[in-house]
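# I need the structure of the sequence given here:
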Amino acid sequence: MTKLGEYLISKSVNKSEVARKTGLSKPRLSELTLNHSAKLRADELYLIALAIDVNPGDLIVALYSDLKLKR
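As a prediction, this is how the structure comes out:
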């Protein structure tokens, strides 16, 4: 399970509803929530945030807060 998948579960989000609202296919949404090698595009992240009624910036922080700059 990816961080996006965990986030959607924590928010009790219905992935079919997100797919319908965003226009993303169900297989693509499943790939993004299950496959760690899948790359989430910015437009997909933005649409998902809108569909689940969260601030896109908050979603970015939830998914990528572990990233750090190199010293």
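# alpha carbons only for contacts and neighbour counts from here, please
Fine.
# Which residue ranges of the chain form helices?
For the chain, the helices defined by DSSP state H occupy 3-10, 15-22, 26-34, 42-51, 56-64.
# could I get these as CSV with distance to residue 71?
Listed next are these as CSV, based on distance: least, C-alpha to C-alpha, whole Å:
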stretch, distance to residue 71
helix 3-10, 25
helix 15-22, 38
helix 26-34, 30
helix 42-51, 26
helix 56-64, 18
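# Just put those helices in a markdown table and tack on distance to residue 70 and mean neighbour count.
Shown next, in a markdown table, are these (distance: least, C-alpha to C-alpha, whole Å; neighbours: other C-alpha atoms under 10 Å):
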| stretch | distance to residue 70 | mean neighbour count |
| --- | --- | --- |
| helix 3-10 | 22 | 16 |
| helix 15-22 | 35 | 16 |
| helix 26-34 | 26 | 17 |
| helix 42-51 | 23 | 16 |
| helix 56-64 | 15 | 14 |
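# got those as TSV, with mean pLDDT columns?
Shown next, in TSV, are these (pLDDT from 0 to 100):
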stretch	mean pLDDT
helix 3-10	97
helix 15-22	97
helix 26-34	97
helix 42-51	98
helix 56-64	98
